[in-house]
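>>> below are the sequence and a predicted model for it; my questions follow.
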Amino acid sequence: MKEIKYLSLKDLNAPYEKDIQHAISEVVSSGWYLQGKRIHDFEEHYAAYIGTRHCISCGNGLDALKLMLQGEMILGRMQPGDEVLVAANTYIATILAITSVGLTPILIEPTIDTLQMDDSLIESHITGKTRALLTVHLYGKCSVTPNMIAICKKHHLLLFEDNAQAHGCIYSEYGKRTGSLGTAAAHSFYPGKNLGALGDAGAVTTDDDDLAEVIRALGNYGSARKYVFDYQGRNSRMDEIQAAVLDVKLAHLDETNERRQDLAQLYLKYLGEDKRTGMQSLKVIPSNLYSPKESNVVHIFPILSSRRDELQQYLKENGVGTMIHYPIPPHQQKCYAEWNHLHLPITEKIHQQELSLPCNQSMTEEDVERIAELIRKF
């Protein structure tokens, strides 16, 4: 029986292995490993791809979030204690970034149908201290809505994007890519992302010239000129090897995203609409997560099951790997004990029932059919 891993990084990178090895070899031979030509090239190419004037590379996705927020604070647009509206069911890095720079996260529930922030709840959470909305394109779905943009304009809120899971996603309403829809956006290039490096790497994209300048300095110890430090910054720099690898893979991103889309549509065909399967304990997140096609890139294929743990074990016993995104929501984590008393029922239901099925470009149609059949049997 063939094992179907949830994600094999080796298989993801295999089609580009020769090009990646060549790019790495060129970096090694150049003798220049930081802040060189490869960084410049990737930043230029990724900014053009996203559709922004600036791409500022950094060490990882969490740093990208922190630098983005800290940069706005240095520019005087936010100050410690100000509130940032954010999805309650996000990965904890989004929350850590907010609290680490002295801002206050305000958790907003998602909808159960899209797993994205419920924009109908946003205005009820706005106070005199609210300064920004940080939306997260979870699972690869564009989380920005016309209502969200209208609310930010009405209340003069900064709109930030956490684009860690949605490289290449296009907001069909505007025909623009996620990462270019608000004031600034943070990107993670963790190896398992749709655009993944061979280690940690991240970036911020923005059209704001002043913000870009501050962020670039902040990530270089707070220095825009050698040994001159205008800010209390940090060392957060992408290296030349990661930039070279990402540049190779960026050229294939739309192609691999399309392949993931095709596999997701197969899952929906086998699991989504057939009323005869008797899968009362299963909820496949249907067309409103995966359509219109342009508004998602299928980073994760989630299903909800009231028997999630049993189903995960059953699939494991039959050679199929899965993941849970995520088993414990931020407000129930020990590190945020002050929130442990909160009851956020939709967020908690998602975290109790979510199961991520394998869905990546290294898979075959037969893999998807086999997984779907196992779920139907279960």
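Everything's here; your move.
>>> may I see the buried residues of stretch 141-150?
141-145, 148-149 (16 or more other CB atoms under 10 Å). For glycine as for every other residue, the C-beta is placed from the backbone atoms N, C-alpha and C.
>>> centre of the chain versus it, how much separation?
16 Å (CA atoms, centre = their mean, to the nearest Å).
>>> can I get that stretch in PDB, CA atoms only?
C-alpha atoms of stretch 141-150 as PDB (Å, rounded to 0.1, in the frame of the first residue of the first chain):
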ATOM      1  CA  LYS A 141      -8.500  31.900   0.800                       C
ATOM      2  CA  CYS A 142      -8.600  35.700   0.300                       C
ATOM      3  CA  SER A 143     -10.100  37.000   3.500                       C
ATOM      4  CA  VAL A 144     -10.600  40.600   2.300                       C
ATOM      5  CA  THR A 145     -14.200  41.600   1.500                       C
ATOM      6  CA  PRO A 146     -15.700  44.900   0.100                       C
ATOM      7  CA  ASN A 147     -17.400  45.400   3.500                       C
ATOM      8  CA  MET A 148     -14.000  45.100   5.300                       C
ATOM      9  CA  ILE A 149     -12.400  47.700   3.000                       C
ATOM     10  CA  ALA A 150     -15.400  50.000   3.500                       C
END
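>>> please, where are all the helices along the stretch 1-150 of the chain?
9-13, 17-30, 37-50, 61-74, 92-100, 146-154 (DSSP state H, counting those that start in this stretch).
>>> leaving out sequence neighbours, find the closest residue to His299.
Gly140 (3.5 Å; CB to CB, 6 or more residues apart in numbering).
>>> please apply the same query to Glu354.
Once flanking residues are discounted, Glu354 sits nearest to Pro302: 5.2 Å by CB to CB, 6+ apart.
>>> one more: Trp32?
In space, Trp32 is closest to Glu240, 6.4 Å off (CB to CB, 6+ apart).
>>> need the next SSE after the least confident helix or strand in the chain by mean pLDDT, C-terminal direction.
Using mean pLDDT, DSSP states H and E, helix 287-290 stands out as the lowest-scoring helix or strand of the chain, at a mean of 52. Sequence order places strand 301-305 as the next helix or strand after helix 287-290, per DSSP states H and E.
>>> for Asn163, which residues are in contact?
Applying CB atoms under 8 Å, 6 or more residues apart in numbering to Asn163 gives the contacts 137, 169, 178-179, 185-187, 205.
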